[in-house]
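**Q** Give me a model of this one.
(2 chains, ligands or ions: 1)
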Amino acid sequence: MASMAQAIRLALHYAEDHLGVTDVLGEDVGLPLGGVFTATQGLKTAWNSPLDERGIIGCAIGLALAGQRPVAEIQFCDYIYNTIDLLKLAGNTCWASNGDWNVPMVVRTPVGSGIRGSIYHSHSFDATMTHIPGWKIVMPSTPLDAYGLLLSACQDRNPVMVLEPKALLRMKGEELIPGEPGDDRVLSKMIDAPLGDRMQWKPQWPDVQAYTVPIGQGKLVRPGTDLTVVSYGRTLPLSVKAAQALESEGISAEVIDLRSLWPYDWEMIRESVKKTGRALYVNEDTEVTNFGEHLVRRTVEELFYELLAPPRLLAGKFLPGIGLADPLEMASVPQLPDVTEAMRALAREQP
Amino acid sequence: MRGRPTLVKEPLPLDSKLLVRMHELMVEARVLEERLIQMYRQGHGYFWIGGPGEEAFNVPLGLLMKKGQGLDFDYLHGHYRQSGTVLALGEDPIGALRQMKSTATDPYSGGRNFASHFSKREWNIVPISSPIEVQYAMAPGTALAQRRHGGEGITIVTGGDAGTAEGDFATCLVWSSRPGSELPILIVVTHNQWGISTAACTQQGCKIIADRGKAFGIQTRTIDGNDPIASYLELQKAMGYVRKERKPFLLEANVSRLYGHSSASGANFVTAEQDCIVEFEKKLEAHGVLTRAEMDQVRARWSEEIAAKARQVRDEPLPEASTIWKHIYAEDR
Ligand SMILES: Cc1ncc(C[n+]2csc(CCOP(=O)(O)OP(=O)(O)O)c2C)c(N)n1
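**A** Next up, the predicted model:
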């Protein structure tokens, strides 16, 4: 099965051929590298931009205004922060012009910890991004969802931010992308750039098919009855693992992969929490003014009388950075034992 | 009082019909701005910012633009001193009055944005936004699309001198001149010597802003933006070059700021700076293009017409509160 990086590549290839994507731009996205995570190898519209994040976002806005369909990459979300007013601009152009203009652009950026990235390659961006109205924001946790969400993003008439969990980019999926060859080695031969000189290399694209994950739809990954865990990105597979482990203790956890942060699937959360009476939100961005806090607030306000325990948030510590040494990273953002413990505690919590 | 002017013999380098048209538009723009300031003073608007003092440059710019929608036409990434350009493109001044009054009828933002924040997709006028210099980061995008498209359409970006200290100005220079991927973009800086209150000469060591283009191999020129004839001719050359060669051009126009920065600094008339309309009118009169009486008539006519439009706008309703939820997203077609 394709890794998430390969799935992104396949999605962009499909989008170039079928959805009118005109530009895949960013630092090192074109030849020879094809992206620091290989996500843009072999794409015919990929081109290397100047090392200038504001320029990348600005150019993408301009391209979108001129009727093109750009997909911009910011190499690491740690470096997207100096573009925030341009992200605001992309998000408010339709509204500010009272609907006259729209900005059909996609921005992709790797987020989060898990590759020992230290202070400047471990940031999350979901808390900050969800403060910027006018965008749609997605964050896949599987290759197939990455494929399906990107295809939706590339057809949207509005700016879409695709947050790509770094820790999962190399993870293989459990579901085939429609049209993907079943054998990983075959896929790799076809679409992974060879080592050495790549200037003449051309990928052999498999005939991947249309498959979209509608923006705004969560996924019930694992049904359960005792508590609801809502997560996305790197902490989603951790939540699933924790749920599996807790089964032996007689705790039945329902796990929802939110997938879209804005708009998001409140209905799915609500139905689940009504059933379980307990809600745990898990993500790894810093916990103060975290997106999960919004979900907690909404849960309290709208589902208070359905609750058996206070809704909880497990998120990253409110620290200036994630330290490189193993114990530092482990202590800074939720790891499997933290998720398991938080779930156990919430499941057992009694008034 | 005024003696009969002695007619100057040598002809002006532009056709007199065009000169009359430029004068007409410059006066229209000035009268509009003065009306906007008055509306602010009378409480018919929360804030004024605009372009009085830049008409001699902005009007020719609008006259020389290829007006229309899409890649074959010129894109304008302007800033908040652009009324002369927008009127020269043929816009009805009532739109600016409506935006000043934040009425539901405001054609540029539905009562959401400040005065002089124009937007008109039909004519490739990209929404003007308040953050200084962001337009210089966006403009390479439309220019890149036009480079690819071919044809004659170009991208024009404008802004003030102080803003060139922002990184977005450097972004524009870099992205416009990538070797082998040069962009059809006219990069304009209207240099009025001021930020809000900070004098340009106290902040940037670079004496001539246009010189910054030279390091990138960009054609440059610094012109007298208070002279509409020079502006027209220089813009014609620069735009012709960008249209034909599909390469960037950096044009710095020295202009005046006749009512200060905005209403926040009082919006009072400044006597120490050159008034481009006064200078132009002297010239037109001296060359027998228009008489004083004719020019007075032009002003009187616009004053009356724009006052009437302002009266009309006064009674128009404000946007409904519920409209805040409209157009957060473009709907699927
Ligand atoms: C990014 C940003 N910083 C500060 C401001 C506040 N501000 C508005 S206009 C202005 C001065 C701009 O001067 P200049 O670029 O020379 O243009 P001018 O107004 O003189 O035409 C400032 C500081 C702003 N709008 N945007």
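**Q** For the rest of this, base every contact and every neighbour count on C-alpha atoms.
**A** Fine.
**Q** Spell out the residue ranges of the strands in the stretch 51-200 of chain B.
**A** B:75-77, B:155-160, B:185-191 (DSSP state E, counting those that start in this stretch).
**Q** Highest mean neighbour count across those, which stretch is it?
**A** strand B:75-77 (a mean of 29; mean count of other CA atoms under 10 Å in any protein chain shown).
**Q** Switch the strands of the stretch 51-200 of chain B over to JSON lines; also include mean pLDDT and distance to A:Pro32.
**A** Shown next, in JSON lines, are these (pLDDT from 0 to 100; distance: least, CA to CA, whole Å):
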{"stretch": "strand B:75-77", "mean pLDDT": "98", "distance to A:Pro32": "33"}
{"stretch": "strand B:155-160", "mean pLDDT": "98", "distance to A:Pro32": "31"}
{"stretch": "strand B:185-191", "mean pLDDT": "98", "distance to A:Pro32": "29"}
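**Q** For the residue of the stretch 101-250 of chain A found nearest chain B, grab the count of nearby residues.
**A** In the stretch 101-250 of chain A, the residue that lies nearest chain B is A:Gly134 (5.5 Å; CA to the nearest CA). Neighbourhood size, A:Gly134 [other CA atoms under 10 Å in any protein chain shown]: 25.
**Q** Quick check: pLDDT value at it.
**A** On the pLDDT scale, A:Gly134 is placed at 98.
**Q** Excluding chain neighbours, give the residue nearest to it in space.
**A** A:Gly91 (4.0 Å; CA to CA, 6 or more residues apart in numbering or on different chains).
**Q** I figured that neighbour hits A:Pro159, correct?
**A** Yes: counting by CA atoms under 8 Å, A:Gly91 touches A:Pro159, with 6.7 Å between them.
**Q** that older thread, in a strand, the residue nearest to A:Gly134, correct?
**A** No: judged by DSSP: H, G, I helix; E, B strand; the rest coil, A:Gly91 forms no part of a strand; its state is helix.
**Q** Next up, the contacts around it.
**A** Applying CA atoms under 8 Å, 6 or more residues apart in numbering or on different chains to A:Gly91 gives the contacts A:Val103, A:Ile132, A:Pro133, A:Gly134, A:Trp135, A:Pro159.
**Q** so how far is B:Glu320 from the closest residue to chain A within the stretch 151-300 of chain B?
**A** Across the stretch 151-300 of chain B, no residue is closer to chain A than B:Thr171, which sits at 5.7 Å (CA to the nearest CA). Per CA to CA, to the nearest Å, B:Thr171 is found 40 Å from B:Glu320.
**Q** For those two, indicate the residue with more neighbours.
**A** Counted by other CA under 10 Å, B:Thr171 and B:Glu320 do not tie: B:Thr171 has more neighbours, with 24 against 11.
**Q** tell me the contacts of the more buried one?
**A** Listed by CA under 8 Å, 6+ apart, the contact set of B:Thr171 reads A:Asp52, A:Arg54, A:Gly55, B:Tyr136, B:Ala137.
**Q** And A:Glu271, by the same measure?
**A** Per CA under 8 Å, 6+ apart, neighbours of A:Glu271: none.
**Q** State the distance from it to the ligand.
**A** As judged by CA to the nearest ligand atom, to the nearest Å, A:Glu271 and the ligand stand 44 Å apart.
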